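> okay, structure incoming, though there's no sequence with it:
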DNA sequence: ATGACCGGTCCTACCGGA
């Protein structure tokens, strides 16, 4: 059994105590982090090495974005892809010992205005998803795709479908692009396997809400997909919402899966 | 009103987050 966590950490250096708490409570084998916000030379590798996460696939940049996969089990064939040729640190891929490949993504947020003609960031987000679709259509064998995809596709993935229809992360054009990525391989939505689509399910709550838990105006921006043949190997999935309430939290909660690999 | 907070840096103001 392998336990994998996907977590937009919103600065890895600012969250070492949170990582420590999650490790102590859940003992994941693999951390897949997004928004690490640190260049590789300054990545806090010591904490990970000291706790047995000695296998690293890190792609960072100064100040923004950044992804990192840190593991107690070996990682092979580490791959970086420069989506949209922007030089952004938004993806790192690696192989797990059984041959499954693990793809850690941080999809562009897309800015405020959901119009690609007026907003370069939204245009970038859509183009990023088009590149993902072409990439995924060529995948063979078994894969795990996870991370902060910055899109909440279902009506139950947001606190108010009606009020968020024109808000970036839940607009129809983004969701259509995401659906095409999903259809480009034999993907299976792990989170919605364990929590049915009829139920509200969120992984992100804005910092701006004073009483975020009570207001519960969240969105499901984080995702874990696996190739169809891996479906019977899944044992569990949780969104660890309580971590959003820890001291100095990320605005995203960790998503944790258990899978027999 | 989602709604006024985060972390990082070009650092004491502004950007990006979403």
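Sure thing, it's come through. Given the structure is predicted, the values throughout are model-derived calculations rather than measurements. Numbering: from 1, shown residues only, chains lettered A, B, ... in the order given.

> burial of whatever residue of the stretch 1-150 of chain A ends up closest to DNA strand B, as a residue count?
Residue of the stretch 1-150 of chain A nearest DNA strand B, by CB to the nearest atom of the strand: residue A:11 (3.0 Å). No exception for glycine: its C-beta is placed from N, CA and C like everyone else's. Using other CB atoms under 10 Å, residue A:11 is surrounded by 14 other residues.

> mind checking which helix or strand it is in?
Per DSSP states H and E: residue A:11 is located in neither a helix nor a strand.

> what residues sit buried inside the least confident helix or strand in chain A by mean pLDDT?
The element with the least model confidence among the helices and strands of chain A, by mean pLDDT, DSSP states H and E, is helix A:212-215, at a mean of 92. Using 16 or more other CB atoms under 10 Å as the test for burial, helix A:212-215 gives residue A:212.

> got it, and stretch A:159-179?
A:159, A:164, A:168, A:169, A:170, A:171, A:174, A:175, A:177, A:178.

> cool, stretch A:249-261 as well?
A:249, A:250, A:251, A:252, A:253, A:254, A:255, A:256, A:257, A:258, A:259, A:261.

> which ones among those also lie next to DNA strand B?
Among the buried residues of stretch A:249-261, proximity to DNA strand B is found for A:251, A:252 (CB under 7 Å from any atom of the strand).

> columns secondary structure and distance to residue A:29 on top of the buried residues of stretch A:249-261, output as CSV?
Formatted as CSV, the buried residues of stretch A:249-261 follow (DSSP: H, G, I helix; E, B strand; the rest coil; distance: CB to CB, whole Å):
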residue, secondary structure, distance to residue A:29
A:249, coil, 23
A:250, coil, 20
A:251, coil, 25
A:252, strand, 20
A:253, coil, 19
A:254, coil, 14
A:255, strand, 15
A:256, strand, 11
A:257, strand, 11
A:258, strand, 9
A:259, strand, 10
A:261, coil, 10
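
> now do the helices in the stretch 101-250 of chain A.
A:120-136, A:161-164, A:172-183, A:190-194, A:212-215 (DSSP state H, counting those that start in this stretch).

> tell me if the first one is near DNA strand B.
Yes. Taking CB under 7 Å from any atom of the strand as the criterion, helix A:120-136 and DNA strand B are in contact, through residue A:121.

> tell me the buried residues in that helix?
A:122, A:123, A:124, A:125, A:126, A:127, A:128, A:129, A:132, A:133, A:135, A:136.

> kindly report the same for stretch A:137-149.
Those would be A:139, A:142, A:143, A:144, A:145, A:146, A:147, A:148, A:149, for stretch A:137-149 by 16+ other CB under 10 Å.

> what parts of chain A come near DNA strand B?
So chain A meets DNA strand B at A:8, A:10-11, A:13-14, A:35, A:37-39, A:62-65, A:108-112, A:121, A:148, A:150, A:160, A:163, A:167-169, A:204, A:206-210, A:215, A:217, A:219, A:221, A:248, A:251-252 (CB under 7 Å from any atom of the strand).

> which residues are in contact with the spatially closest residue to residue A:62 that is not a sequence neighbour?
The spatial neighbour of residue A:62 that comes closest, neighbours along the chain excluded (CB to CB, 6 or more residues apart in numbering), is residue A:39 at 4.7 Å. Neighbouring residues of residue A:39 by CB atoms under 8 Å, 6 or more residues apart in numbering: A:60, A:61, A:62.

> repeat that for residue A:76.
A:94, A:95, A:96, A:97.

> turn those residues into TSV, including secondary structure and neighbour count.
As requested, these are arranged in TSV below (DSSP: H, G, I helix; E, B strand; the rest coil; neighbours: other CB atoms under 10 Å):
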residue	secondary structure	neighbour count
A:94	strand	22
A:95	strand	16
A:96	coil	21
A:97	coil	11
